[in-house]
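Undergrad: A structural model of the following input is requested.
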Amino acid sequence: MRHDERYFGDFGGRYIPEVLRPAFEELEAVWNSAKVDPAFAAELKRLSSSWVGRPTPLHFAQRLSAELGGRRLYLKLEGLAHTGAHKINNALGQALLAKRMGKRRLIAETGAGQHGLATAASAALLGLECEVFMGEIDMARQQPNVFGMRMYGASVTAVKEGTRTLTDAVNAAMKNWTERVSDTHYVLGSALGPHPYPTIVREFQSLIGSELKSQIMDAEGRLPDRIYACVGGGSNSIGTFSAFLGDSVELVGAEAGGRGPAPGDNAARVAGTGRVGIAQSYKSLFLQDDNGSLLATHSVSAGLDYAGLGPQLAHLAATGRVRFEAVLDDDALKAVARCARFEGFMPALESAHAVALALKEAPAMPVDSIIVVTISGRGDKDLFITAPHFDREAWLAFLEAEVTRLRGEAARQDKEAARQDKEAAR
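TA: Residues are numbered from 1 along each chain as shown. Okay, here's the model as predicted:
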């Protein structure tokens, strides 16, 4: 096992092109300076409170707990943070680091769109340029977030290569960084990639776990028996788990089981067929073929549709500290409906994987158990996926009526513009 701050056990490292070496050395130096600077911490705390809206609440799910025979279920509602997910914690922190480095432009990759939205909002707040790389497929299924990014002033670049999802968006962002490294900071969205990104992202997300620890102690007077979080790259899960790694709390990651176990039908690295490899400049578990090329993945949730896993989570899986299970698309969708009808909110499809797993496993736990699920985001962004699933005919009727209305409005505006042009010509 390696003993090097760039690694978590055998996972991690920094396998980067020479052109990016100065940028990584600058980032590492600025991070080491910022993390011990009281002024940086104070500014981050101020904005996290006044702009992000932290701390996010820990909700006791009373009706779902009753359904679970009295086992006490709590939900950490990261979706109530500004821009609708936990992603803002890291995006804001890295945007402040970029300002500290004198960078004027941010770039980011995004899958479900929440990280792109958070980065775009942070750039707008701090007066920075922003470009977000997003797979063409993800842009189609997460159109509300694409609109939001553009409203914040960001340009959204469609990635049309490969699977046209998150894995390819990461590649595109990294390529762009090599071309504009002098004025650009890459706001990597998850706790993965080359050192020091896994550490930086974990630290900016660790307030999820630290808040949760304090909140559950206030509510119950003891720590929970089990904590669940969904795992794509791993930012919300490692942010949650990090505060509990030294405690006797079972930690469970919910991966995307997709349509099933066949290659290309899921994104389960630990609970599926992930193998150790080096890709996208770091060493971890990846879904890959015999030649080491990344496999196509699938998940109903764009944020979990990723072939790799953050290196610290890979290490925690290898040591047995975190248990991973795969959750099917259909079960995640059912969990969205169950939360909506029993607790009055819709979790993001990513988070719904963790909810589904918790609801499935809870009945086998002792009746006095305390269970927590991190709800990494809210389900507004998934409208174009969930609406046709739950009420297809009504959704199609709405879309058809809206297209007719918009075309009629466009024709009216064109007619009025032509009339005004004619008047001006007289």
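Undergrad: ok, residue 253 to residue 196 distance?
TA: 23 Å (C-beta to C-beta, to the nearest Å). For the C-beta atoms, the positions are set from N, CA and C on the backbone; glycine is no exception.
Undergrad: make that residue 96, sorry
TA: Taking C-beta to C-beta, one finds residue 96 at 15 Å from residue 196.
Undergrad: re earlier: the more surrounded of residue 253 and residue 196?
TA: More neighbours surround residue 253 than the other of residue 253 and residue 196, with 29 against 20 (other C-beta atoms under 10 Å).
Undergrad: Surely the more buried one is in a helix?
TA: No: with DSSP: H, G, I helix; E, B strand; the rest coil as the criterion, residue 253 is located in strand rather than a helix.
Undergrad: Let me know the pLDDT of it.
TA: We note a pLDDT of 98 for residue 253 in this prediction.
Undergrad: Name all residues that make contact with it.
TA: 228-231, 234, 237, 270, 313, 317, 322-325 (C-beta atoms under 8 Å, 6 or more residues apart in numbering).
Undergrad: One more: residue 64?
TA: Neighbour list for residue 64: 73, 338-339, 342-343, 359 [criterion: C-beta under 8 Å, 6+ apart].
Undergrad: Then residue 369?
TA: By C-beta under 8 Å, 6+ apart, residue 369 lies in contact with 71-72, 225-226, 362.
Undergrad: Compare the contacts of residue 64 and tell me which is most surrounded.
TA: residue 73 (26 neighbours).
Undergrad: from memory residue 97 sits against residue 32, does it?
TA: No: contact criterion C-beta atoms under 8 Å: residue 97 and residue 32 do not qualify, at 11.0 Å.
Undergrad: The two: who's more crowded?
TA: A side-by-side neighbour count of residue 97 and residue 32, using other C-beta under 10 Å, places residue 97 first with 22 against 11.
Undergrad: next one: phi and psi at that one?
TA: phi -60, psi -40 (degrees, to the nearest 10).
Undergrad: please renumber so the chain begins at 2
TA: Happy to do that; since the first residue is 2 now, the last one works out to residue 98.
Undergrad: how close does it sit to residue 34?
TA: 10 Å.
Undergrad: Residue 17 too?
TA: 21 Å.
Undergrad: Compare neighbour counts for these two and give me the winner.
TA: residue 17 (17 against 12).
Undergrad: Helix, strand, or coil at the more buried one?
TA: coil.
Undergrad: Verify the stated contact: it with residue 195.
TA: Yes: using C-beta under 8 Å, residue 17 is in contact with residue 195, at 5.3 Å.
Undergrad: Please enumerate the shared neighbours of those two.
TA: 25, 282.
Undergrad: one step back: with neighbour count and secondary structure as added columns, please give the contacts of residue 254 in CSV.
TA: Below are the contacts of residue 254 laid out as CSV (neighbours: other C-beta atoms under 10 Å; DSSP: H, G, I helix; E, B strand; the rest coil):
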residue, neighbour count, secondary structure
229, 30, strand
230, 33, strand
231, 32, strand
232, 35, coil
235, 31, coil
238, 36, helix
271, 21, helix
314, 32, helix
318, 22, helix
323, 25, strand
324, 15, strand
325, 23, strand
326, 20, strand
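Undergrad: Adding pLDDT, write the residues you listed out as TSV.
TA: Listed next are the contacts of residue 254 as TSV, based on pLDDT from 0 to 100:
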residue	pLDDT
229	99
230	98
231	98
232	98
235	96
238	98
271	98
314	98
318	98
323	98
324	98
325	98
326	98
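Undergrad: Take the residues you listed and lay them out in CSV including distance to residue 382.
TA: As requested, the contacts of residue 254 are arranged in CSV below (distance: C-beta to C-beta, whole Å):
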residue, distance to residue 382
229, 21
230, 18
231, 14
232, 18
235, 19
238, 19
271, 26
314, 24
318, 28
323, 26
324, 28
325, 25
326, 24
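Undergrad: ok, of these, which one's closest to residue 416?
TA: residue 231 (49.8 Å; C-beta to C-beta).
Undergrad: Contact partners for that closest one?
TA: 237-238, 254-256, 302, 304-305, 351-355, 375, 377.
Undergrad: Filter these down to the ones in helices?
TA: 237-238, 351-355 (DSSP state H).
Undergrad: ok, so of these, who is nearest residue 335?
TA: Lowest distance from residue 335 to the ones in helices among the contacts of residue 231 (C-beta to C-beta) belongs to residue 353, with 8.3 Å.
Undergrad: so the closest one touches residue 338, yeah?
TA: No: assessed by C-beta under 8 Å, residue 353 is found out of contact with residue 338, at 9.2 Å.
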